[in-house]
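Asker: no sequence on this one, just coordinates:
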């Protein structure tokens, strides 16, 4: 537990990088930030207008990404999340499943949020695994298929209007592949749980502020919250493949990070 909650020079580097990304986004997309700031009314107390949910989301994620940070693990994990996030956002915005207020397909300013969220989920996964690793495996096997069976039904219902879109086909097949080939039911269930939990607060902020809207409405729709859990599982599974390849081909920096990958 002490190791899982540790702070190091790498933690400082990770936090500095995160803050730098926020500054770059603010600079490059300054007109969007200006439009947001114009919403403040000087006649109303400032603390009534502060977006506490946004601040809370970023404060929690800022803390989580610094815990037990390790660049050899976090950089590839973040890059996988960045790529996966771009594909997911491109799928949703180009197929019309959801729309951002800027009408970009997808908006590049949202993509950096994906690795931050993915690393946050990964940290929470390791913390929960520490407490649940001794629980009987059969519990997770019993939970696994009902949970992901319901998810697949909701996925087909949500994506049904766009089944002719190639990215919809790709996304559905990929979800099916990850669900039906997962061996470590315990890890997948835990990651799905924490990804869904964090996803609720992110979706709650985005949909109530009309930053993005779904074609089915909702603030947020139940399925989209679960989709964050599935996206977290997908990122974790792809990283596990990367990790396996690194060990198989004896990539030097992979040999001593086992304790960061395996709870």
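Answerer: Received, thanks. Source: prediction; values computed, not measured.
Asker: only C-alpha atoms for contact and neighbour calcs from this point on.
Answerer: OK.
Asker: which parts of stretch 159-168 are buried?
Answerer: 159, 162, 167, 168 (16 or more other CA atoms under 10 Å).
Asker: may I see the residues you listed organised as a markdown table, with secondary structure, pLDDT and distance to residue 93 added?
Answerer: Output for these, formatted as a markdown table (DSSP: H, G, I helix; E, B strand; the rest coil; pLDDT from 0 to 100; distance: CA to CA, whole Å):
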| residue | secondary structure | pLDDT | distance to residue 93 |
| --- | --- | --- | --- |
| 159 | helix | 97 | 12 |
| 162 | helix | 96 | 11 |
| 167 | helix | 96 | 11 |
| 168 | helix | 97 | 11 |
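Asker: just those now: which is nearest residue 246?
Answerer: residue 167 (28.3 Å; CA to CA).
Asker: give me the neighbour count for the nearest residue to the closest one once chain neighbours are set aside.
Answerer: Among residues not flanking residue 167 along the chain, residue 91 sits closest, at 5.3 Å (CA to CA, 6 or more residues apart in numbering). Counted with other CA atoms under 10 Å, the neighbours of residue 91 add up to 23.
Asker: for the one 5 residues further on, same thing?
Answerer: When neighbours are counted by other CA under 10 Å, residue 96 registers 15.
Asker: leaving out the residues flanking it, which one is nearest to it?
Answerer: residue 215 (7.2 Å).
Asker: pull out the buried positions in stretch 220-238.
Answerer: 220-221, 223-236, 238.
Asker: which helix or which strand is home to the residue nearest to residue 167?
Answerer: Per DSSP states H and E: residue 91 is located in helix 71-95.
Asker: surely residue 122 is in contact with residue 192?
Answerer: No - using CA atoms under 8 Å, residue 122 makes no contact with residue 192, being 10.6 Å away.
Asker: the two: who's more crowded?
Answerer: residue 122 (26 against 23).
Asker: for that one, give me its contacts.
Answerer: When the contact criterion is CA atoms under 8 Å, 6 or more residues apart in numbering, the partners of residue 122 are 191, 236.
Asker: and the helices in this protein?
Answerer: 9-28, 30-37, 46-49, 52-64, 71-95, 113-132, 137-159, 166-181, 185-208, 222-248, 258-261 (DSSP state H).
Asker: the second one - what's its average pLDDT?
Answerer: Computed over helix 30-37, the mean pLDDT rounds to 76.
Asker: please apply the same query to stretch 62-73.
Answerer: Per-residue scores along stretch 62-73 average to 86.
Asker: buried ones in it, by neighbour count?
Answerer: 62, 64, 65, 66, 67, 68, 69, 70, 73.
Asker: that one: end-to-end distance?
Answerer: 17 Å (CA to CA, to the nearest Å).
Asker: make a markdown table from the buried residues of stretch 62-73 and add distance to residue 153 to it.
Answerer: Shown next, in a markdown table, are the buried residues of stretch 62-73 (distance: CA to CA, whole Å):
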| residue | distance to residue 153 |
| --- | --- |
| 62 | 34 |
| 64 | 32 |
| 65 | 33 |
| 66 | 36 |
| 67 | 36 |
| 68 | 37 |
| 69 | 37 |
| 70 | 37 |
| 73 | 34 |
